[in-house]
Each structure stands twice: as structure tokens, then as C-alpha cells.
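Visitor: Return a 3D structure for these sequence lines:
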Amino acid sequence: MGNHAPQAQHKSHEGHDLPSHVSHKANSVSLACLVVTCSDSRTKETDTSGKLICHLLKEQGHTINEYHLIKDEPETITNLLEAAAHQMDKQVVIINGGTGISRRDSTFEAVDRFLQKRLDGFGELFRYLSYKDIGSSAMLSRATAGIHGHLAVFSIPGSQGAVRLAMEQLILPEMGHIAGELTK
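Guide: Numbering: from 1, shown residues only. Here you go, the predicted structure:
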């Protein structure tokens, strides 16, 4: 027998007891989001990953305040992030693309410089889950996340598989919790 205090229990809408770490996520709130695709080759018509992010967010009751398709240029990314940091009508920024290791992939550097607090576990978990799907090439991803002021920022690869994995297994389950923590 350990000295662990019992976890607080809350009732789900079906009346079942939920541990407190689950119950705060069960109370979903609609969050205002900025979705950004960083790509030198995609157009708004061919940006299937940006569309998938928007679809998954809307499906969960979140709003898309802005959507941008921009070139993978650090200055452009930084300017967009700085503008979002001064707008209180956004709580979450999701960027896809530019997280690889090619010469043109510079999204990571721009996002990393912008973050005030890093959520290292996001990138670690993303690469772990990716490894289970695609093997050792998962190490090439520089997916990252963190906080800047009132914003939760996620930067993920631009492939549809990576977007679906990040959104369904990591971002959507936690973004309400993260946004709530930023108001404390």
C-alpha cells in the first residue's frame, strides 16, 4: 500500500466516475485557431493537409479564425506568429510543413525562436508515435510545440499521415487543457 492520495473523481455525462486528469479534458471548449501551411509548392487548392487540420478542428467544435498558406521563409513565419501574439482572438496556432531537414525546411527555426516555453514532450511523443508507423525515418521530423504568451503553438510535418497522427493523438486531446492552463 502506497501513500498515494486517491484521485479526485468526477462524473461523466453518462454518470460514470472519471479521474480528475480525464475530467478536465471532458469539458470541451471551443478554441479559436490559426492554421498555417508552410510550403513552397502547395496552393490553396492542393493544400490537403491544411484542409485536414481545419476539418478536424471544426469537427471538434473549434473555430478557424485565420488560415494562411505561406512560403517556408523564416521572416514570413516569424511575422505571422508575432502578429498572432498581439491578437487576443486566437488561442491555438497549428503550423504544418517545413519541419524536415532539407535546405529549404526552416519552419522549425522560426517557431523555436518564437516560443517562450517549449513542450518538449510533444515532439518526443510525435516521433515515438511516428516511429511505430513509419520506422526510423521518424527521427527526421522536427515537430515541436510550445507557448508564447496566450498562444499554444504546434508545428508539425505537412504530410496527411503526420497531420492526422498529430491532430488525433496529441493536439486535439490536449489543446483545451493547454489553453486552460494559459489562463491561470
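Visitor: which stretches of this structure have low pLDDT?
Guide: Residue ranges of the chain with pLDDT under 70: 1-28.
Visitor: what ranges do the strands span in it?
Guide: 9-11, 17-19, 32-38, 63-70, 92-96, 117-118, 144-148, 151-156 (DSSP state E).
Visitor: Is it possible to get the ones you listed out as a markdown table so that each row also shows mean neighbour count and distance to residue 77?
Guide: In short, each C-beta sits where N, CA and C put it, glycine included. A markdown table is the format used below for the strands of the chain (neighbours: other CB atoms under 10 Å; distance: least, CB to CB, whole Å):
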| stretch | mean neighbour count | distance to residue 77 |
| --- | --- | --- |
| strand 9-11 | 13 | 40 |
| strand 17-19 | 14 | 38 |
| strand 32-38 | 24 | 6 |
| strand 63-70 | 16 | 7 |
| strand 92-96 | 26 | 7 |
| strand 117-118 | 14 | 17 |
| strand 144-148 | 21 | 13 |
| strand 151-156 | 27 | 9 |
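Visitor: I'd like those as a markdown table, with distance to residue 49 appended.
Guide: What follows is the strands of the chain, written out as a markdown table (distance: least, CB to CB, whole Å):
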| stretch | distance to residue 49 |
| --- | --- |
| strand 9-11 | 36 |
| strand 17-19 | 33 |
| strand 32-38 | 6 |
| strand 63-70 | 10 |
| strand 92-96 | 5 |
| strand 117-118 | 23 |
| strand 144-148 | 17 |
| strand 151-156 | 9 |
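Visitor: Residue 105 - nearest residue in space that isn't next to it in sequence?
Guide: residue 98 (5.0 Å; CB to CB, 6 or more residues apart in numbering).
Visitor: out of the strands of the chain, which comes closest to residue 105?
Guide: Smallest distance to residue 105 across the strands of the chain (CB to CB): 8.8 Å, for strand 32-38.
Visitor: Looking at strand pairing, list the partners for the residue nearest the centre of the chain.
Guide: Against the mean C-alpha coordinate of the chain, by CA atoms, centre = their mean, the closest residue is residue 154 at 3.4 Å. Here residue 154 sits in beta bridges with residue 94, residue 145, going by DSSP bridges.
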